[in-house]
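Participant: My questions concern the predicted model and sequence given below.
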Amino acid sequence: MGAEIWWNPDGPQRVVAVGPHGPRTVGATQSCFASVASRLESERPSRVVLHCASAWQALATIGACWSRKVPVVLAPNAEAGTLADLTRDTDLVLVAHEVTSPDPSPLSSGPTAPWSAPLDSELLLICTSGSSGARKLVAKTPRQLFDECRTLESAFGHRMGKARVLGSVSHQHIYGLLFRVFWPLLSQRVFLEEVVLDPQRTLDELDMPEGAILVHSPAYLDRAPELLDLRRLRGRCHAIFSSGGPLGTRTVERVREQAGSAPIEVYGSTETGGVAWRQRDGSAASEDWKTFDGVRVIEHVGLLSVQSLHTGQALVCTADRVHLLSQDRFRLLGRDDRIVKIFEERVSLPEIEERLQRSEWVRRAAATTLERSGTARVAVAIEIGESGLKALSRIGRSAMAERLRGELAEYFRATALPRQWRFVEQLPVDSQGKLAEEHVRRLFDVGGSQNLPAWRSLEEVGPGERRIHFDVGPDHWFLRGHFPGYPVVPGVVQLHWIVRWAEDWLGKPVNAHTIQNLKFKDVLTPGASCTAVLQLEGDRLAFRIHSTSTEYSSGRIILRPEGESPAGHGN
């Protein structure tokens, strides 16, 4: 297992990546590499925990560590609890929260030495949640990662050209690391070093002569029509990739209709690597997943198992139910465990429960997920013990929930933290003493005014018009994950506000027959001072949300006649 070349750059002036501080050349990359290597020589760590904002800095650091045969642990986040867990057996922690400027004196002339690494040593460890629910480190060899890059280039390279690669997914996870960093590097495509959430930055890159390749999560693509004029992608975007969770059919249709082609969906996991892909063009056959070359799939007790170079030829069993159509085609039928996807991040409900049960207040915890505007959110029911009852009477439910939420924040990202809490003396169990999920969910009232922004004033403009003046605060639940670094209010949330405000005004449920002329005209962000205008004329409820300078959304709800059922028949 000697050192073998894994990157042989063709000149110090070639651009590897671009970012907020300008281009990152091969020479600058080598300089960063040498700086990290020098520190490794000095400190001689047995392994390194890495988390940094810059994909380019991560690349140079990984290269330096591998060349010194030092394994790298990619931290999924930089929360204190996560880093504490990962650093117990680690000598060196490298964390950079911001993208920094280039080295003031990068190597700019002369030949550059090839980077090398023992290809079959387990030099990258990626934190993930397995089917048992506990966090674990999945080890990868450089050869496995580079084989996967070659597989991607073989499958898609012919349509990519030399387009720049950018996306909204982090390089601290396997999908972002492969698609945003390693694959572009090995195919000599320029990548953007920072996560791109700003729609204008995406449009700027699309205007570059070489075009762009977009690497996104389903959560981002679900809201892309609200953020971008997708028609501008036509002829400029070589491909849109999506991975990390299921992509809704409606999202696929909207992207295909407006951008001209559907996203390329990639199925896989940290354990399996890339397994299969599909690009839904509207035909029945395009719903099937097609395996990548060299990937073998089998069905065992209804679940999918995978074997390939990406798994080191080991047979990896998944928790995904499957229907095999042929040796290289299959359909997925859903997950079979309690590892859920929250904004494409795998979240272990058993781990949330276990960590909550460490509190002296908690006798038992039950975590579940509830849908919020089409997005899954974690909710937790707590069976409180004797000390918990005393604390509850002393500090109240809100303070108790915030305290427990703060303890979880040491281990989970904000998007994975519970949004709703229920405190009970006994959790509902069935005749066998087991928690019934449907009974736990009944503990939660999914409605409520907490889902609405607080209004500043109400204005009645005659019998047929009401105006609600309100502010979009920075900490509402509907902003969390939409998106980190660039929060926006989803269009479906704005429509939810209108319906709730209309019900308060009319004193009865809004029973919509159709919604006409629904338009989301601009991005609504935190800090905006807005007015919602409701106008009722007969069975038509017109609405719009605007500020003094911008109109965000508008439309018209056609109400059903009272007594008419949703199927259109009277009672």
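Facilitator: In hand now; what should we look at? Numbers count the residues shown, from 1 in each chain.
Participant: part of a strand, is residue 360?
Facilitator: No. Read with DSSP: H, G, I helix; E, B strand; the rest coil, residue 360 is coil and lies in no strand.
Participant: mind listing what it touches?
Facilitator: Residues in contact with residue 360, defined by C-beta atoms under 8 Å, 6 or more residues apart in numbering, are 385, 387, 388. Placement of C-beta: from N, CA and C, glycine included.
Participant: Please repeat the previous calculation with a cut-off of 6 Å.
Facilitator: The contact partners of residue 360, taken as C-beta atoms under 6 Å, 6 or more residues apart in numbering, are residue 387.
Participant: How much space separates it from residue 387?
Facilitator: 5 Å (C-beta to C-beta, to the nearest Å).
Participant: all helices for the stretch 351-500 of the chain, in order.
Facilitator: Counting by DSSP state H, counting those that start in this stretch, the stretch 351-500 of the chain has helices at residues 386-395, 397-408, 437-441, 491-506.
Participant: again, but for the stretch 101-250 of the chain
Facilitator: Under DSSP H, counting those that start in this stretch, the stretch 101-250 of the chain gives helices at 142-156, 174-177, 183-186, 199-206, 218-227, 249-259.
Participant: mean pLDDT for these: which is lowest?
Facilitator: Mean pLDDT across the helices of the stretch 101-250 of the chain is lowest at helix 218-227; the value there is a mean of 78.
Participant: Give me the helices and strands touching that helix, please.
Facilitator: helix 249-259 (3 or more C-beta pairs under 6 Å, 6 or more residues apart in numbering; DSSP states H and E).
Participant: Let me see the residues that make contact with the helix it packs on.
Facilitator: Helix 249-259 is contacted from outside by 221, 222, 225, 230, 231, 233, 262, 263, 280, using C-beta under 6 Å, 6+ apart.
Participant: tell me the SS of residue 558?
Facilitator: Recorded secondary structure, residue 558: strand (three-state DSSP).
Participant: Residue 513 is in contact with that one, correct?
Facilitator: Yes. Between residue 558 and residue 513 there is a contact at 4.6 Å, judged by C-beta atoms under 6 Å.
Participant: how about the helices of the stretch 101-250 of the chain in TSV, adding mean neighbour count and distance to residue 273?
Facilitator: Converted to TSV, the helices of the stretch 101-250 of the chain look like this (neighbours: other C-beta atoms under 10 Å; distance: least, C-beta to C-beta, whole Å):
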stretch	mean neighbour count	distance to residue 273
helix 142-156	19	5
helix 174-177	24	8
helix 183-186	23	13
helix 199-206	17	27
helix 218-227	22	19
helix 249-259	17	24
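Participant: Please convert the ones you listed to JSON lines, extending it with distance to residue 453.
Facilitator: Putting the helices of the stretch 101-250 of the chain into JSON lines (distance: least, C-beta to C-beta, whole Å) gives the following:
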{"stretch": "helix 142-156", "distance to residue 453": "43"}
{"stretch": "helix 174-177", "distance to residue 453": "32"}
{"stretch": "helix 183-186", "distance to residue 453": "41"}
{"stretch": "helix 199-206", "distance to residue 453": "23"}
{"stretch": "helix 218-227", "distance to residue 453": "18"}
{"stretch": "helix 249-259", "distance to residue 453": "26"}
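Participant: Out of the ones you listed, flag the one nearest residue 119.
Facilitator: helix 142-156 (4.1 Å; C-beta to C-beta).
Participant: so what does that closest one touch, helix or strand wise?
Facilitator: Using 3+ C-beta pairs under 6 Å, 6+ apart: helix 142-156 touches helix 183-186.
Participant: List the contacts of the helix it packs on.
Facilitator: Contact partners of helix 183-186, identified using C-beta under 6 Å, 6+ apart, comprise 149, 152, 165, 191.
Participant: Farthest-apart pair in these, please.
Facilitator: 152 and 191 (13.6 Å).
Participant: With respect to residue 440, which of the contacts of helix 183-186 is nearest?
Facilitator: Nearest to residue 440 out of the contacts of helix 183-186 is residue 152 (C-beta to C-beta; 41.1 Å).
Participant: tell me the contacts of that closest one?
Facilitator: residue 183.
Participant: can you list the domains in the protein?
Facilitator: Under the assignment automatic domain parsing, the domains of the chain span 3-194, 340-441, 449-559.
Participant: Tell me which of the ones you listed sits most buried.
Facilitator: Mean neighbour count (mean count of other C-beta atoms under 10 Å) peaks for domain 3-194 among the domains of the chain, with a mean of 18.
Participant: name the helices or strands packed onto the lengthiest helix in the chain?
Facilitator: Determined from DSSP state H, the single longest helix within the chain is helix 26-43. Packing contacts for helix 26-43, counted by 3+ C-beta pairs under 6 Å, 6+ apart, involve helix 55-67.
Participant: From the contact counts, what lies against the helix it packs on?
Facilitator: Using 3+ C-beta pairs under 6 Å, 6+ apart: helix 55-67 touches helix 26-43, strand 48-52, strand 115-118.
Participant: Now tabulate these in CSV and tack on mean pLDDT and distance to residue 242.
Facilitator: As requested, the helices and strands packed on helix 55-67 are exported to CSV (pLDDT from 0 to 100; distance: least, C-beta to C-beta, whole Å):
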stretch, mean pLDDT, distance to residue 242
helix 26-43, 88, 29
strand 48-52, 91, 24
strand 115-118, 71, 30
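Participant: So which of those is nearest residue 138?
Facilitator: With C-beta to C-beta as the criterion, residue 138 lies closest to strand 48-52 of the helices and strands packed on helix 55-67, at 15.0 Å.
Participant: what is the mean pLDDT for stretch 396-410?
Facilitator: Across stretch 396-410, pLDDT averages out at 88.
Participant: now swap in stretch 517-526 and tell me
Facilitator: Averaged across stretch 517-526, pLDDT comes to 89.
Participant: re the thing from before, relative orientation of the longest helix of the chain and strand 48-52 in degrees?
Facilitator: Put simply, helix 26-43 runs at 140 degrees to strand 48-52, going by axes from the mean of the first three to the mean of the last three C-alpha atoms, to 10 degrees.
Participant: okay, helix 26-43 in CSV with CA atoms only?
Facilitator: This file holds the C-alpha atoms of helix 26-43, laid out as CSV (Å, rounded to 0.1, in the frame of the first residue of the first chain):
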residue,chain,number,x,y,z
VAL,A,26,-3.0,25.2,-8.3
GLY,A,27,-0.1,27.3,-6.9
ALA,A,28,-2.3,28.7,-4.1
THR,A,29,-3.6,25.2,-3.4
GLN,A,30,-0.1,23.8,-3.1
SER,A,31,0.8,26.6,-0.7
CYS,A,32,-2.2,25.8,1.5
PHE,A,33,-1.3,22.1,1.2
ALA,A,34,2.3,22.8,2.3
SER,A,35,1.2,24.9,5.2
VAL,A,36,-1.0,22.2,6.6
ALA,A,37,1.6,19.5,5.9
SER,A,38,4.2,21.6,7.9
ARG,A,39,1.8,21.7,10.9
LEU,A,40,1.3,18.0,10.6
GLU,A,41,5.0,17.4,10.6
SER,A,42,5.3,19.5,13.7
GLU,A,43,2.4,18.1,15.7
